[in-house]
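>>> The sequence isn't on hand, but the structure is:
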Ligand SMILES: CC(=O)[C@@H](O)[C@H](O)COP(=O)(O)O
Ligand SMILES: NCC(=O)COP(=O)(O)O
């Protein structure tokens, strides 16, 4: 079998790879008026109804988009969707751990962003970040929350993730998205494949996200083995402005299924 095609993989949701919709950008648009529209809750519900397997939020300390009330209201909504997962992202040295303690989402994704960062643009640095993360990973796991660490595609860094006791990595996919369709695509993608193989060999689960879209998603999933979840927000919400949430989510699910059609 082609080693670059994802191996047979049993995912928590019965599909090959779960789609978790990040609703940050719905909140960003809502926050530009005091009218409460577009609704973050209605966006999440529409995406779940259309087949998304999860919802992701990144409640940044400056509340530029997702606010504390959104995080709590989505937790309440997801109680009615037992098959779906709630993934909360953020920097555990800032405001994230209160959400972990209070809401116990299915997953927390630790992202090393500074408070005023334009967007997420790098993963954790090991071994430098190890001791700072160790108690935070332990606390989240003690709360029964799966821990995923936001990581650059560096195979050698996977052993540190495993040593910390995190269950998954989230591959930061911006470098792939930037190289997509260029002469660098194969080289950049090979780095992601090597990193995924290193993670799988250590028993780590694999998530992926940042700048994934309908054009590049299938290529990524075909080449990178074992991806259990993609969290997609910016491009998906942009597509939904044109196509609506239902058709957009269905189109992303088609992109995911196409990645495994040859298996
Ligand atoms: C961690 C990551 O890559 C994204 O999930 C992040 O949430 C993007 O944040 P913004 O939506 O604020 O750009
Ligand atoms: N972790 C990635 C995520 O949740 C959404 O990233 P993007 O699709 O908004 O770039």
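Thanks, I have the structure now. Keep in mind it's a predicted model, so treat the numbers as computed, not measured. Ligands and ions are numbered 1, 2, ... in the order given.

>>> What about residue 254, how many residues nearby?
13 (other Cβ atoms under 10 Å). Glycine gets a C-beta too; all of them are placed from N, C-alpha and C.

>>> ok, is the helix or strand it falls within in contact with ligand 2 or not?
Taking DSSP states H and E as the criterion, residue 254 maps to helix 245-260. No: figure legend: helix 245-260 not in contact with ligand 2 (Cβ under 6 Å from any ligand atom); closest approach 10.6 Å.

>>> Same question for stretch 29-38.
No: interface with ligand 2: stretch 29-38 contributes nothing (Cβ under 6 Å from any ligand atom), its closest point being 13.5 Å away.

>>> So which bits of that stretch are buried?
Neighbour counts using 16 or more other Cβ atoms under 10 Å place 30, 38 of stretch 29-38 among the buried residues.

>>> Off-centre distance for that stretch?
24 Å (Cα atoms, centre = their mean, to the nearest Å).

>>> ok, and the closest non-adjacent residue to residue 216?
residue 180 (4.3 Å; Cβ to Cβ, 6 or more residues apart in numbering).

>>> What distance do you get for the one you found to ligand 1?
Applying Cβ to the nearest ligand atom, to the nearest Å, the value for residue 180 to ligand 1 is 16 Å.

>>> In contact with that residue, which residues?
215, 216, 219 (Cβ atoms under 8 Å, 6 or more residues apart in numbering).

>>> before we move on, the earlier item: what does the helix holding residue 254 contact?
Contacts to helix 245-260, defined as Cβ under 8 Å, 6+ apart, come from residues 5-6, 15-17, 19, 21, 43, 46-47, 49-52, 214, 217-218, 220-222, 230, 232, 236, 239-240, 243.

>>> Alright, calling it a day.
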